[in-house]
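Colleague: model this:
(one chain, ligands or ions: 2)
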Amino acid sequence: MDCLFCGIAGGEIPSTKVYEDEQVLAFRDIDPKAPFHAVVIPKRHIGSAAEITPENSAVVAHIYEVIAEIARREKLEKGFRVVTNCGEEGGQTVGHLHFHLLAGRNLGWPPG
Ligand code: 5GP
Ligand code: ZN
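Modeller: Ligands and ions are numbered 1, 2, ... in the order given. Sure, this is the predicted structure:
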């Protein structure tokens, strides 16, 4: 399968890792939208948030545990935002489920 984030998860495409375990990888976004911007992915391919099912959803709970752990490690005590873009109108550009972890400035609400 030709998937950029599977390539990053498999180590064929280099990335700056911020967290890794058996199921999950987090790495710095190549085009950061905030002073801290990591992308958190399941290593096993899931195409998007629209493809989460009872069979594959356990990793999503684990990803939120990982996000809390990254926030502790990176000292994001002032707050952070987690974003998942899904599909064309949702702004998804990479077809592998991922969670943007953004912090380090006032992010504003609602988003544009
Ligand atoms: P999406 O637009 O699908 O929500 O998020 C995809 C994200 O992946 C974007 O923020 C983009 O900057 C990031 N990205 C795209 N290609 C690469 C890459 O090769 N390496 C890294 N580290 N991030 C990438
Ligand atoms: Zn993939």
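
Colleague: element containing A61, please.
Modeller: Element membership for A61, per DSSP states H and E: helix 58-73.

Colleague: so for whichever helix or strand comes after that helix, mean pLDDT?
Modeller: Remark: after helix 58-73, the chain's next helix or strand is strand 81-83, criterion DSSP H and E. For strand 81-83, the mean per-residue pLDDT is 97.

Colleague: show me what strand 81-83 is packed up against.
Modeller: Under the contact definition 3 or more Cβ pairs under 8 Å, 6 or more residues apart in numbering; DSSP states H and E, strand 81-83 sits against strand 99-103. C-beta coordinates here come from the backbone N, C-alpha and C atoms, glycine included.

Colleague: tell me if I'm right that R28 and Y19 touch.
Modeller: No. In this structure, R28 is not within contact of Y19 by Cβ atoms under 8 Å, at 10.9 Å.

Colleague: which neighbours do those two share?
Modeller: Any residue near both R28 and Y19 by Cβ atoms under 8 Å, 6 or more residues apart in numbering counts here, and that gives A38.

Colleague: who's more crowded, those two?
Modeller: Neighbours per residue (other Cβ atoms under 10 Å) separate R28 from Y19, with Y19 holding more: 17 against 13.

Colleague: what pLDDT does the model give that one?
Modeller: At Y19, pLDDT is 98.

Colleague: please apply the same query to G112.
Modeller: So, for G112, pLDDT stands at 68.

Colleague: from the contact counts, what lies against the biggest strand by length in the chain?
Modeller: Secondary structure of the chain per DSSP state E: the longest strand is strand 36-42. Using 3+ Cβ pairs under 8 Å, 6+ apart as the contact test, the elements touching strand 36-42 are helix 4-9, strand 17-20, strand 24-28, helix 58-73, strand 99-103.

Colleague: so it versus strand 24-28, what angle?
Modeller: 160 degrees (axes from the mean of the first three to the mean of the last three Cα atoms, to 10 degrees).
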